[in-house]
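S.K.: sequence and computational prediction follow.
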Amino acid sequence: MLLKSIDGAVRIGGAVWRRVGLWAATVLHRAVLARVGPGCRFQAGVHFAAPNAVQIGANGYFWRGCTALSELPGGRLLIGDGVQINRDVHLDITGGLQIGDRALISEDVVIYTHDHGLDPRSAPLPIPKVIGPDVWIGMRAVILPQCRRIGQGAVIAAGAIVTRDVPAGAIVAGNPARVIGQTNRQEAA
C-alpha cells in the first residue's frame, strides 16, 4: 500500500513539474520570439537560434527538443495557426521556411533549406521552402533542400526521404519518396 502511495505522489509531482515547465517555456518564448499567436504552448527544451526571425500563428504546440537553426544570417521561420511540431524535430531555416496552418510534423523529422552541393566546406546555398496547410509529415522523414514545396493536404510517410516537390493531396513514401496514393483532401481554390 505504501508503494502505491509513493508511486501516486511521484506521478502527481511529475505532472506538476511538466505543467510548470510548459508554463515557463511558453512565457519565455512569448517574450523572445518576433511574434507568437494566442494559445501557443512550448515545452521546455525548444530552441530557436534566431528568435527575432520566428513568427508563429495561434494555437501552436512545440514539443521538447524541437530546434530551428540557420547557417546564415537572415533565415526566417513563418508558422501558421494550429501547427504541431513534435519532439526532436530539426528545422533548418537558412533559406527561409514557411509552414502552413494545421500542419503536423511528427517526431525526429529533419527539414533542410540549404545545400552545399558536392563540397561540404562550401558556403551554404539558401533554398526557400513552403509546407502547405494540413500537411502531415511522418516520423523520421527527411525533407531535402531540392524539395521546395509540399502541397496542401499532402502526407509524407514515416521514414520517407523527400527529394522533390510534393503535389497537393499526394501521399509519398520511400527513398527517394514517390507518390503512392492520393488523400481525399483537395487544395482550396
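M.R.: Received the coordinates, thanks.
S.K.: and the helices in the protein?
M.R.: Taking DSSP state H as the criterion, the chain carries its helices at 2-32.
S.K.: low pLDDT regions in it?
M.R.: Applying pLDDT under 70 to the chain flags the ranges 1-10, 14, 16, 18, 185-189.
S.K.: kindly recompute the last result at 50.
M.R.: 187-189 (pLDDT under 50).
S.K.: identify the residues contacting the spatially most central residue of it.
M.R.: Geometric centre of the chain, nearest residue: I85, 4.2 Å, by C-alpha atoms, centre = their mean. I85 makes contact with G60, Y61, F62, W63, C66, L91, I105 under the criterion C-beta atoms under 8 Å, 6 or more residues apart in numbering. The C-beta positions use only the backbone N, C-alpha and C, and glycine is treated the same way.
S.K.: V46 and Y61 touch, don't they?
M.R.: No. V46 is beyond contact range of Y61, at 10.1 Å (criterion: C-beta atoms under 8 Å).
S.K.: more neighbours: which of those two?
M.R.: Applying other C-beta atoms under 10 Å to V46 and Y61 shows that V46 carries more neighbours, namely 21 against 17.
S.K.: now do the contacts for the more buried one.
M.R.: So V46 contacts A25, H29, F62, W63, R64, G65, C66, T67 (C-beta under 8 Å, 6+ apart).
S.K.: repeat for M139
M.R.: M139 sits next to S106, E107, D108, V109, A158, G159 when contact means C-beta under 8 Å, 6+ apart.
S.K.: and for the third one, the neighbour number?
M.R.: The reference is to D108. Quick note: D108 (other C-beta under 10 Å) scores 18 neighbours.
S.K.: nearest residue to it other than its sequence neighbours?
M.R.: In this structure, D108 finds its nearest non-sequential neighbour in R140, 4.6 Å apart by C-beta to C-beta, 6 or more residues apart in numbering.
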